[in-house]
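**Q** Sequence and predicted structure below; questions after.
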Amino acid sequence: MARRALGPATLAVVQAVDALASGGWAVACSGGVDSLALAWAAHHVAGKRGTPVRAVVVDHAMQPGSDAVAAAAVARLAGFGLAAEAVRVTVADAGAGPEASAREARYAALEAAVQPRERVLLGHTLDDQAETVLLGLARGAGVRSLAGMPVSRGVFDRPLLGLGRETTLAACAELGLEPWADPMNRDPRYARVRVREVVLPVLERDLGPGIREALARTATQCREAHDLLSELAEETDPALTADCLHLLGLAPGLRRRVLADWLAAEGVRDVSATHVDAVERLVTHWRGQKGVDVPGGRVSRRDGRLLLTPASGDGRLR
Ligand SMILES: Nc1ncnc2c1ncn2[C@@H]1O[C@H](COP(=O)(O)OP(=O)(O)OP(=O)(O)O)[C@@H](O)[C@H]1O
């Protein structure tokens, strides 16, 4: 019996997945439109290739009934033959807010669930990338955040970064799949939701279509610039990364990257661009100032070198 031809949107998702190298895949699936379309396509492509594929649904256990949502996603995946398991995580709010904490717990659970030679596929789309770039732009956090999400990092791949959300939506419709609508995706308390529902439509209307693609291209270009800076920073002699005279001789962009890397290497977590700018002034505008507070400690300048003093008193950063 002849197989029914794939619809155009389904075909686009399948082609995006088919561009991935062969190997085992664990599709990270929320049951939402993007990862559901991705899961179907991964199941389809892996079936043709004869390679293993499964899905993992993370239950963040943050709302009552989250286990039922995860179970429904597992059932939806099983509905087209994809084996899936639900993994329940405990989200500890470390002060970065519930959204960031949930993301951190999710990535940790997915990394823990991955098997040798398996890749984890994530359903981020061009729209997610455009939103990430705009949010990074608004934060003023430099090329690192403008670089958006990488196509590939560690065990994770994002094969749908080149496709718009309308394609995953249309693919689900073509396939008769009913995605779960995450209420958080419509909650205007989240900046990402306001960017998606207010800012991007205004930009598209006033600057013309193609803004999402342009933002995604910006991400690619900034990633290249970010990678180049990283390479240059790594070439800096470790003995000189806190040497003010040496730092003064570097181009400003490279100097800030070397300083950010130095702070991270000293154990300072969550280094923001504002912290780096403040520390940089100890190098470029030295007037004997007292020092600069950073998370967990204080950076001061002594005998032409930067020095990090932990705030805890036990010699370690908290
Ligand atoms: N609860 C979850 N379990 C497993 N994977 C998840 C979960 N939540 C998100 N992911 C993965 O992270 C990707 C991005 O999720 P996010 O919620 O940021 O975006 P989204 O556009 O709403 O995605 P989706 O439509 O797939 O839910 C998803 O496509 C999926 O691969």
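**A** Sure thing, it's come through.
**Q** What values do phi and psi take at the closest residue to the ligand within the stretch 101-250 of the chain?
**A** Of all residues in the stretch 101-250 of the chain, residue 123 sits closest to the ligand, at 2.6 Å by CB to the nearest ligand atom. For the C-beta atoms, the positions are set from N, CA and C on the backbone; glycine is no exception. Main-chain dihedrals, residue 123, degrees, to the nearest 10: phi -100, psi 20.
**Q** Give me the contacts around stretch 148-167.
**A** Here stretch 148-167 makes contact (CB atoms under 8 Å, 6 or more residues apart in numbering) with 9, 12-13, 16-17, 19-20, 33-34, 37-38, 107, 110-111, 114, 118-129, 132-133, 136, 168, 212, 216, 219, 222-223.
**Q** hang on, the earlier thing: hang on, isn't the residue of the stretch 101-250 of the chain closest to the ligand packed against residue 168?
**A** Yes - Residue 123 is within contact range of residue 168, at 7.2 Å (criterion: CB atoms under 8 Å).
**Q** Now list whatever residues contact both of the two.
**A** Listed as contacting both residue 123 and residue 168 by CB under 8 Å, 6+ apart are 34, 36, 37, 38, 160.
**Q** how near is the third one to residue 195?
**A** Just to be clear, that refers to residue 37. Separation of residue 37 from residue 195 (CB to CB, to the nearest Å): 22 Å.
**Q** Neighbour count for those two, which is higher?
**A** Of the pair residue 37 and residue 195, residue 37 is the one with more neighbours under other CB atoms under 10 Å, namely 34 against 20.
**Q** Spatially central residue (nearest the centroid) of the chain, please.
**A** The C-alpha lying nearest the average C-alpha coordinate of the chain belongs to residue 149 (CA atoms, centre = their mean; 4.6 Å).
**Q** How many residues are close by residue 51?
**A** 13.
**Q** re earlier: mind telling me the two of the shared contacts of residue 123 and residue 168 farthest from one another?
**A** 36 and 160 (11.5 Å; CB to CB).
**Q** circling back: report the entries of the shared contacts of residue 123 and residue 168 that also contact the ligand.
**A** Contacts with the ligand within these, counted by CB under 6 Å from any ligand atom: residue 34.
**Q** Adding secondary structure and pLDDT, write the shared contacts of residue 123 and residue 168 out as TSV.
**A** Putting the shared contacts of residue 123 and residue 168 into TSV (DSSP: H, G, I helix; E, B strand; the rest coil; pLDDT from 0 to 100) gives the following:
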residue	secondary structure	pLDDT
34	helix	98
36	helix	98
37	helix	98
38	helix	98
160	coil	98
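**Q** so which of the shared contacts of residue 123 and residue 168 is the most crowded?
**A** residue 37 (34 neighbours).
**Q** Could you list the residues of this structure in contact with the ligand?
**A** So far as CB under 6 Å from any ligand atom goes, the chain lies against the ligand at 28-30, 32-35, 56-58, 106, 122-124, 128, 182, 185.
**Q** Buried subset of the residues you listed, written for PyMOL?
**A** Those of the residues of the chain next to the ligand that count as buried under 16 or more other CB atoms under 10 Å are selected in PyMOL with:
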select buried, resi 28+29+30+32+33+34+35+56+57+58+106+122+123+124+128
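**Q** I'd assumed residue 287 was in a helix, is it?
**A** No - looking at residue 287 with DSSP: H, G, I helix; E, B strand; the rest coil, it is coil, so not inside a helix.
**Q** For the closest residue to residue 80 other than its chain neighbours, give me its contacts.
**A** Take residue 80 and drop its neighbours on the chain: the residue closest to it by CB to CB, 6 or more residues apart in numbering is residue 40, 6.0 Å away. Residue 40 makes contact with 10, 13, 80, 82, 171, 175, 177 under the criterion CB under 8 Å, 6+ apart.
**Q** Residue 305 too?
**A** 242, 243, 244.
**Q** Now do the contacts for the last one.
**A** By CB under 8 Å, 6+ apart, the residues touching residue 244 are 282, 283, 286, 301, 304, 305, 306.
**Q** one more time with 7 Å
**A** By CB atoms under 7 Å, 6 or more residues apart in numbering, residue 244 lies in contact with 283, 301, 304, 305, 306.
**Q** Helix, strand, or coil at the second one?
**A** The three-state label given to residue 301 by three-state DSSP is strand.
**Q** Might one say that it is in contact with residue 286?
**A** Yes - using CB atoms under 7 Å, residue 301 is in contact with residue 286, at 6.5 Å.
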